[in-house]
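Undergrad: Everything below, folded, please.
(one chain, ligands or ions: 1)
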Amino acid sequence: MKEAVAGELAAAYHSSIVEQVRVNDFQHRAGRLTVHLAREFGFCYGVDRAVDYAYQARRRFPDQQVYLTGEIIHNPHVNDRLRAAGIRFLSESAEPWETLGPRDVVILPAFGVTVGDMARLADQGCTLVDTTCGSVLNVWKNVVRYAQDGYTAVIHGKIKHEETRATASQALKYPQGRFLVVLDRKEAQFVCDYIRSGGSPAAFLERFGDALSPGFDPDKDLERIGCANQTTMLMSESLEIGELLRAAMADRYGEAELPRHFRAFDTICSATQERQDAVLALLNDDRPRPLDLMLVVGGYNSSNTCNLARICAERVPTFHISDPDCLVSADEIRHRPVGAPSTTVKVEQVSRGWLPAIDPLAVGLTAGASTPNNIVGEVIERLSKYASS
Ligand code: SF4
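TA: Here you go, the predicted structure:
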């Protein structure tokens, strides 16, 4: 079946211009413009596999209704193609989940689903096509171990993101399991202050809202903690948060007692790390001419794409665009402001004068793990056209 869909996938997502750019040492020249492409970009192994499984499922069950629980990955083009292939999205379907049964096929996305949703679909007898990425499963394994051993999972992630919700639900497989989701350094610091000095439990619960397991008691549930991450967070921030928490626990319980109170492991996936490393290499490259701007291509609700944009924006003017149509003209660009919450889908603004009228012009380019090559290729073509007009 894999061979049967290989042609379909290549036709949908391959880009010959991207292949040329790879061969040409990740550079593309067009008149005054040089595009510098990051050496790791676009579809990761988990996304590749999830999309492949979805196409295979559609072929394998031609007479059955195939559903997805929600977006398979955070890229609107890929999701639209699956809709066009007849796959229905439960998140936007009028059909309630209760009506699903043994004749229905349900694809679970790369970032997984909650323990509750998985059990429900299995109980109803649906055929499940599970595309949950191995790197996500690795995080789950560690969070379950924390729960077994009585450690609260402190997850660096976004509570509204499907992966983080699914990961947090793993902590509740055991009665003593607890979770707390921290979004950033500021929230982690709030937790650290509580660990060191205590405070008002009510204020703590109010601050974190639904980012806590039910019945969370900060006085008790912060005595033993284990760190985990959403796989697509900014690696440097995750490491820093882990270190902040470690230092707070050491202050509270002493270095000698630390192993009884604190655990950590790195759960940023290798694909996310490679894309972040590659974009840093692009920014740090000692080329004769520095980059004049960066384009970062990917879904606006794609966490890893938003984090790539954050890295770039610290060094060079950066535009996070979802597709080539965002390059409206040589003067006008539609883009997502860097730093806006990645769970807000519709944030987009229009800027003018984005493409400097200089010669030579150096533009850096990368794409998130859910962005197919055909989209990257079309961005290069559109950029080349504007730069030479
Ligand atoms: S970004 Fe990482 S965890 Fe997510 S699907 Fe890709 S490889 Fe898997």
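Undergrad: what about Gly209, how many residues close to it?
TA: When neighbours are defined as other Cβ atoms under 10 Å, Gly209 has 9 of them. No exception for glycine: its C-beta is placed from N, CA and C like everyone else's.
Undergrad: so who does Arg29 touch?
TA: Val35 (Cβ atoms under 8 Å, 6 or more residues apart in numbering).
Undergrad: Spell out which helix or strand contains it, please.
TA: Using DSSP states H and E, Arg29 sits within strand 27-30.
Undergrad: buried stuff in that strand?
TA: Within strand 27-30, the residues that qualify as buried are 28, 30, counting by 16 or more other Cβ atoms under 10 Å.
Undergrad: and the gap between whatever residue of the stretch 1-150 of the chain ends up closest to the ligand and Phe111?
TA: Closest contact between the stretch 1-150 of the chain and the ligand, by Cβ to the nearest ligand atom, is at Gly46 (2.4 Å). The spacing between Gly46 and Phe111, counted by Cβ to Cβ, to the nearest Å, is 8 Å.
Undergrad: How about Gly364?
TA: Distance from Gly364 to Phe111, by Cβ to Cβ: 27 Å.
Undergrad: So for these two, which residue has more residues nearby?
TA: Phe111 (29 against 24).
Undergrad: Can you get me a residue count around the residue of the stretch 201-350 of the chain found nearest the ligand?
TA: Relative to the ligand, the nearest point of the stretch 201-350 of the chain is Cys269 (3.1 Å; Cβ to the nearest ligand atom). Burial of Cys269 is recorded as 25 neighbouring residues (other Cβ under 10 Å).
Undergrad: Show me what counts as buried in stretch 191-208.
TA: Quick answer for stretch 191-208 (16+ other Cβ under 10 Å): 191-192, 194-195, 204, 207-208.
Undergrad: Touching, the residue of the stretch 201-350 of the chain closest to the ligand and Ala110? I think so.
TA: No: at 10.5 Å, Cys269 does not count as touching Ala110 under the criterion of Cβ atoms under 8 Å.
Undergrad: Next, show the common contact partners of the two.
TA: 46, 133, 136.
Undergrad: The last one should be in a helix, yeah?
TA: Yes: per DSSP: H, G, I helix; E, B strand; the rest coil, Val136 lies within a helix segment.
Undergrad: Quick check: it vs Tyr55, distance?
TA: Taking Cβ to Cβ, one finds Val136 at 20 Å from Tyr55.
Undergrad: Using PDB, list the CA coordinates for the longest helix along the chain.
TA: As far as residue count goes, and with DSSP state H defining each element, the longest helix of the chain is helix 235-253. In PDB, the C-alpha atoms belonging to helix 235-253 read as follows (Å, rounded to 0.1, in the frame of the first residue of the first chain):
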ATOM      1  CA  MET A 235      15.000  24.000  22.900                       C
ATOM      2  CA  SER A 236      17.000  26.800  24.600                       C
ATOM      3  CA  GLU A 237      13.900  27.900  26.600                       C
ATOM      4  CA  SER A 238      13.000  24.300  27.600                       C
ATOM      5  CA  LEU A 239      16.600  23.700  28.900                       C
ATOM      6  CA  GLU A 240      16.500  27.000  30.800                       C
ATOM      7  CA  ILE A 241      13.100  26.100  32.400                       C
ATOM      8  CA  GLY A 242      14.500  22.700  33.400                       C
ATOM      9  CA  GLU A 243      17.500  24.400  35.000                       C
ATOM     10  CA  LEU A 244      15.300  27.000  36.800                       C
ATOM     11  CA  LEU A 245      13.200  24.200  38.300                       C
ATOM     12  CA  ARG A 246      16.200  22.100  39.200                       C
ATOM     13  CA  ALA A 247      17.800  25.000  41.100                       C
ATOM     14  CA  ALA A 248      14.600  25.800  42.900                       C
ATOM     15  CA  MET A 249      14.200  22.200  44.100                       C
ATOM     16  CA  ALA A 250      17.900  22.100  45.100                       C
ATOM     17  CA  ASP A 251      17.300  25.300  47.200                       C
ATOM     18  CA  ARG A 252      14.200  23.800  48.800                       C
ATOM     19  CA  TYR A 253      15.500  20.300  49.500                       C
END
